[in-house]
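Participant: Give me a 3D structure for the following:
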Amino acid sequence: MYMKMKSKFLAGAVAVCLALGCLSGCDEKSSSLEGIEVYPESARINLGEILRIEVAPVPRGADAEFTWKSENAEIASVSNYAAVSFLGIVEAEDVGNTQIVISSGNFSKTVPIEVYEVTLQEKITALGVKGAWLFEDAGNLELATAGQKLTAYKMDGNRSAGSPSLEGFAQVPGPTKRNHAVRVPKQSYFLCNHGFAAAGNGKVTEYTLLIDVKVPKLQQYYSIFETDNLSLGSDGDFFIRPGADWGIRGNYTDKTRFEANKWFRMVVTVKGGKAKYYLNGKLIDEKEPGVDSHASWLPEGVLLFADEDGEDNEFDIASVAIWDKALGDGDIATLGGL
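Facilitator: Purely as a prediction, here's the structure:
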């Protein structure tokens, strides 16, 4: 993200360098430094973004080379742009407060920096989410932040829906130090009562599903959902497969594969028999499974992370969110990645 965003500043940074270079030395005789001007004098930036800080000597034309330092580089790091000492690039690394110190000779300026985060809950709420589960309450892992609570199940064996139980489910660290995840054990799953209306064919044919997921290893199956049979009488309908390809059964993609022990934000949208797959905010692939396919949900609900005969394995889930519509590419881009 840093390199991508930094490139957007390139043209502006070059222009600033030329302007500031002129201000500090064009047609003016060199003089002793009497102070430092800085812009902005303080800043509040979103996590993952970058900020450009510009400095100039007082008086203009005074001899000055500037050094840059962050009082806490874990919150916000700083470096001067290329070899230009009067332009600093600050990257927001973590939520918190720190100061950027710019020095030259006996003079220095401090720029207070606050790094904040637009949370996933804020993002999905702004997009009209219908159901959301973030697993932040260790004492209630079925808790919903939107929509109805989940119901955890433990299977009694293959092709058995089992009975409600949180046995084996556990709260674990999430993608960042500010959130958590749930570890879903093998032959266990969540029943999600989504409440979405069925289309004319009796199935839910339009929706969006977001899942933040981390698999511990490859070369094995991980089930994302089962919707053909809520009694677990048939195979799962969406998998991450042993080769790390993934998708709706019969409509897998291998254009971007999962990696072990790395968090991904997976989004799938389904509408009119077409499915679109996203990872970390980017469109990866498009498929056409059809409206009467494994892509469509039963109106009674969907089984998250379930499979009837063992093609599921323990993995970590940090977030689940659902919409009763297919979000657009721009909306999914705003949800970002991990």
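Participant: residues in contact with the nearest residue to residue 311 once chain neighbours are set aside?
Facilitator: Using CB to CB, 6 or more residues apart in numbering and skipping the chain neighbours, the partner closest in space to residue 311 is residue 221 (4.0 Å). Every residue, glycine included, has its C-beta placed from N, CA and C. Residue 221 is in contact with 236, 239, 240, 241, 242, 307, 311, 312, 313, counting by CB atoms under 8 Å, 6 or more residues apart in numbering.
Participant: now residue 221: how far from residue 167?
Facilitator: Going from residue 221 to residue 167 by CB to CB, to the nearest Å gives 22 Å.
Participant: sorry, back to before: can you tell me which of the contacts of residue 221 are in strands?
Facilitator: Under the assignment DSSP state E, those contribute 239, 240 to strands.
Participant: Including neighbour count, distance to residue 116 and pLDDT, could the contacts of residue 221 go into CSV?
Facilitator: Listed next are the contacts of residue 221 as CSV, based on neighbours: other CB atoms under 10 Å; distance: CB to CB, whole Å; pLDDT from 0 to 100:
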residue, neighbour count, distance to residue 116, pLDDT
236, 25, 39, 88
239, 22, 37, 94
240, 24, 33, 93
241, 19, 38, 92
242, 13, 40, 91
307, 26, 40, 90
311, 16, 42, 88
312, 25, 38, 92
313, 19, 37, 93
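Participant: out of the contacts of residue 221, who's nearest residue 256?
Facilitator: Nearest to residue 256 out of the contacts of residue 221 is residue 240 (CB to CB; 11.9 Å).
Participant: Relative to residue 96, which of the contacts of residue 221 is nearest.
Facilitator: Proximity of the contacts of residue 221 to residue 96 (CB to CB) peaks at residue 240, which lies at 34.2 Å.
Participant: Any stretches of the protein with poor pLDDT?
Facilitator: The chain contains residues with pLDDT under 70 at 1-30, 158-159.
Participant: Now with 80, please.
Facilitator: Along the chain, segments meeting pLDDT under 80 span 1-30, 82-84, 157-160, 233.
Participant: Do a quick rundown of the helices in it.
Facilitator: 2-8, 10-25, 120-126, 329-335 (DSSP state H).
Participant: List of residues touching the third one?
Facilitator: Put plainly, it is helix 120-126. Helix 120-126 has contacts (CB under 8 Å, 6+ apart) with 132, 134, 145, 146, 179, 210, 212, 319, 321, 334, 335, 336.
Participant: Strands of the stretch 151-300 of the chain, residue ranges please.
Facilitator: Ranges of strands in the stretch 151-300 of the chain, per DSSP state E, counting those that start in this stretch, are 151-154, 163-164, 170-173, 180-184, 188-192, 207-214, 222-226, 238-240, 246-248, 251-253, 264-271, 274-279, 282-287.
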